[in-house]
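>>> Compute the structure for the input listed below.
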Amino acid sequence: MSNSRYSQLENRNDQNLDNLASKLATFRSINQDIGDQAVNDSSVANQVSNAFDSMLNNVKNSSQRLTRSMNIGNNVWKMVGLTLLLFFILYTLFKLF
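Reported below is the predicted structural model:
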């Protein structure tokens, strides 16, 4: 083969190599974006988990205080306490959803 044929093949190979390098750079960029999004999603999931843990602790503490006050008081206070507890549980559920 002549030098011009080798030159054409070499140029075509260079173009193909440049195309592959461009595609590889695109894939790397997409991979980086996916990684960043995964980190952000993980952060949001941790924040939601912390919020639910906090809410659970608040409900637990309220329940303990209500139980202590109901043990001390009479039936009227038990009725008021249960009503308030039910109200706060429903309020929290409607606020979350």
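>>> Report the mean confidence score over the helix or strand harbouring Gln37.
Gln37 belongs to helix 3-72 when elements are defined using DSSP states H and E. Per-residue pLDDT over helix 3-72 has a mean of 88.
>>> name the helices or strands packed onto that helix?
Counting contacts by 3 or more CB pairs under 8 Å, 6 or more residues apart in numbering; DSSP states H and E, helix 3-72 is packed against helix 75-96. For every residue, glycine as well, the C-beta is placed using N, CA and C.
>>> so what secondary structure elements neighbour the helix it packs on?
Under the contact criterion of 3+ CB pairs under 8 Å, 6+ apart, helix 75-96 touches helix 3-72.
>>> What angle do helix 75-96 and the helix it packs on make with each other?
Counting by axes from the mean of the first three to the mean of the last three CA atoms, to 10 degrees, helix 3-72 points 170 degrees away from the direction of helix 75-96.
>>> from the middle of its chain, how far away would helix 3-72 be?
9 Å (CA atoms, centre = their mean, to the nearest Å).
>>> Ok, stretch 78-86 next?
Centre-to-centre, stretch 78-86 and its host chain are 35 Å apart (CA atoms, centre = their mean).
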